[in-house]
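1. For reference, the sequence and a predicted model appear below.
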Amino acid sequence: ISRQALTTDSLELSWTASLQEGVWDATPVVADGTVYAGGGEGQFLAFDATGATNCAGDPKQCLPTWTADYGGAGGFHSPPVVADGRFIFSGDDGYVRAHQVGGGALWAGWLGDTSVSSPAVVDGIVYVGGNRRLHTFDAAGVLNCSGGACSPLWSSEELEQPFTGTVNSPAVWNRRVYVTTHTGGLHVLDAGGVEGCAGTPTTCVPLWSAPMASSYTTPAVADGKVFVAGNDGTLRVFDANGRINCSGTPTTCSPLWSAPIGGRLWSPAVAGSCRRAGRRCSRTAGRSTRRRRPWSIRSPGPASSTPR
């Protein structure tokens, strides 16, 4: 939504849809003209994003173009990812699942416990956080799969201590996968499951890590830097290649710079030279290890979403 649209009263409601009872806290996803909404009671609903199919009335109301019910799986609290005709998601029951768009279930893989991670799909590989570990699966449901049940292609070592938290939604960049954990720490692994990996089943150790405050967010990677928001209200920036401000065995990295923003932060977004986390923006110019905010906007209430 542009600032001009917000100030000229030019916004108009296109259509609405009534959702089933329950908690619908997973961010909807729009792909190929379809809106996908997942709920806390185990349902996925799909709607025509243009408000044409299965829509009528004034004001216009829409019905789902199709539904998928996983009531026995608990709830879905993270958005799915849509890739190659499949939507892939994780849930309260500890499984990651793939479902054919407009069709039926394809495959499922066990993650160890409840997952709040939104998967990332890159080059046919699903990366998803589980209970203390990051796991990877074949998105096509062929490798390490039998009868619709899939095992990981590789998994990380335990990145969390038992009963302490889970691994958050990953980001993949330049053959590396970046993840944070609920109790604190940024970890970077080889996305191909080769470097730092061994054993049967294959287990991988981080190529480098960075101690930091607890985080519930997905890192943003751009321009050779990784941006991570912490629950202590600080945005931290690291060398994405794990070289600058990094040392030791195993390799540990310190931030290139940080910006105290305040409050609990959510996943940052990168736009030009401005990095947004929650409600504020921090520029990267200059040499200081701490950054000032060029501007900020106060929201009417707590902001709990990723800026775009």
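-> Received, thanks.

2. which residue packs closest to Gln43, ignoring adjacent ones?
-> Closest residue in space to Gln43, ignoring its immediate chain neighbours: Asp69 at 5.4 Å, by CB to CB, 6 or more residues apart in numbering. All C-beta atoms are positioned from the backbone trio N, CA, C, and that covers glycine.

3. Can you read off the pLDDT for that neighbour?
-> Looking at Asp69, its pLDDT is 83.

4. Give me the neighbour count for it.
-> 12 (other CB atoms under 10 Å).

5. Surely it is in contact with Leu45?
-> No: at 9.7 Å, Asp69 does not count as touching Leu45 under the criterion of CB atoms under 8 Å.

6. Need the pLDDT of the nearest residue to Glu195 once chain neighbours are set aside.
-> In space, and not counting its chain neighbours, Glu195 is closest to Leu207: 6.4 Å by CB to CB, 6+ apart. On the pLDDT scale, Leu207 is placed at 98.

7. Show me where this structure has its helices.
-> Remark: helices assigned in the chain by DSSP state H are 3-7.

8. Quick one: low-confidence residue ranges for it.
-> 1-10, 21-23, 40, 72-74, 161-165, 272-308 (pLDDT under 70).

9. Now with 80, please.
-> 1-11, 20-26, 39-42, 71-77, 92, 113-116, 160-166, 263-266, 271-308 (pLDDT under 80).

10. how long is stretch 192-205 end to end?
-> Stretch 192-205 has an end-to-end distance of 13 Å (criterion: CA to CA, to the nearest Å).

11. now swap in stretch 113-125 and tell me
-> Note: stretch 113-125 ends 21 Å apart using CA to CA.

12. Same question for stretch 252-259.
-> End-to-end distance for stretch 252-259: 20 Å, by CA to CA.

13. same thing with stretch 95-110?
-> For stretch 95-110, the first-to-last residue distance is 5 Å (CA to CA).

14. same deal with stretch 214-229?
-> Stretch 214-229 has an end-to-end distance of 9 Å (criterion: CA to CA).

15. Equivalent analysis for stretch 217-231, please.
-> 9 Å.

16. Would you mind measuring from Phe76 to Asp58?
-> 32 Å (CB to CB, to the nearest Å).

17. These two: which is more packed in?
-> Set Phe76 next to Asp58 and count neighbours by other CB under 10 Å: Phe76 wins out with 29 against 5.

18. what separates the more buried one from Gly104, distance-wise?
-> Phe76 is 17 Å from Gly104, by CB to CB.

19. And Pro206, by the same measure?
-> Pro206 is 37 Å from Gly104, where distance means CB to CB.

20. Counting neighbours, go ahead and name the busier of the two.
-> For Pro206 versus Gly104, the count of surrounding residues by other CB under 10 Å is larger for Pro206: 24 against 7.

21. Excluding residues flanking it in the chain, which one is nearest Pro260?
-> Going by CB to CB, 6+ apart, Pro260 has Thr234 as its nearest residue, at 5.3 Å.

22. How many residues are close by the closest residue to Gly130 other than its chain neighbours?
-> Spatial nearest neighbour of Gly130, excluding adjacent residues (CB to CB, 6+ apart): Leu111 at 3.1 Å. Look at Leu111: counted by other CB under 10 Å, it has 27 neighbours.

23. Confirm for me that Leu111 is in contact with Val128.
-> Yes: with contact taken as CB under 8 Å, Leu111 and Val128 are classed as touching, separated by 6.7 Å.

24. Name the residues contacting each of the two.
-> Residues touching both Leu111 and Val128 (CB atoms under 8 Å, 6 or more residues apart in numbering): Ser90, Val96, His135.
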